[in-house]
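Peer 1: predicted coordinates and the sequence they were generated for:
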Amino acid sequence: MDYEYSVMGSIFCNADTLTASADSEFTYKSYIFALRKLNNRISVSLRGLTSSITDSIPDAASAINISTICQSIPEADVTEVCKLLSEKFACTASMRKGYEVYGNANVFNGGSDYEVIEEKWFTVEFDNGIPKS
């Protein structure tokens, strides 16, 4: 079984807002989030760590992968990033952190297939910096 951790989200506003702001990255603490236009929203994904952090870790390039970074980011930081992006773009933002477990799953014909067999997500959503319930 393989675990795949991720941190991603969406900002639900006019994607042209990203072009107007000219920011394609958002940095919080040592985390770098990529911002990309996608239809009528902005896609957010955790991209990695700032070079100041990775420079201080021996063999960081080979030891730290994005799944490890996604696994170790605290949920409080994901919540704060969501809030800050919601405030910055003055619209609704949603972020989630979690994992998918890939493994053999039984299929109708009696065989097996390698697919997602379990997943768990922490989700948070803000509208103009105010938490949505």
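Peer 2: It's in.

Peer 1: show me the longest helix that occurs in this structure.
Peer 2: As assigned by DSSP state H, the longest helix anywhere in the chain is helix 75-89.

Peer 1: who are the packing partners of the following helix or strand past it?
Peer 2: The helix or strand immediately downstream of helix 75-89 is strand 92-106, counting by DSSP states H and E. With contacts taken as 3 or more CB pairs under 8 Å, 6 or more residues apart in numbering; DSSP states H and E, strand 92-106 sits against strand 2-12, helix 75-89, strand 112-127. Any C-beta I mention is one placed from the backbone N, CA and C, and that applies to glycine too.

Peer 1: turn those into CSV, including mean neighbour count.
Peer 2: CSV is the format used below for those (neighbours: other CB atoms under 10 Å):
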stretch, mean neighbour count
strand 2-12, 18
helix 75-89, 19
strand 112-127, 13
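
Peer 1: contacting residues around the longest helix of the chain?
Peer 2: 7, 9, 11, 13, 17, 21, 26, 28-29, 31, 33, 42, 44, 92-97, 122, 124-131 (CB atoms under 8 Å, 6 or more residues apart in numbering).

Peer 1: correct me, but Ser30 touches Arg47?
Peer 2: No. The criterion here is CB atoms under 8 Å, and Ser30 misses it with Arg47 at 11.8 Å.

Peer 1: by mean pLDDT, show me the worst of the helices and strands packed on strand 92-106.
Peer 2: Mean pLDDT per stretch puts strand 112-127 lowest among those, at a mean of 90.

Peer 1: please pick the buried ones from the contacts of helix 75-89.
Peer 2: 7, 9, 11, 13, 17, 26, 31, 33, 42, 44, 92-97, 124-126 (16 or more other CB atoms under 10 Å).
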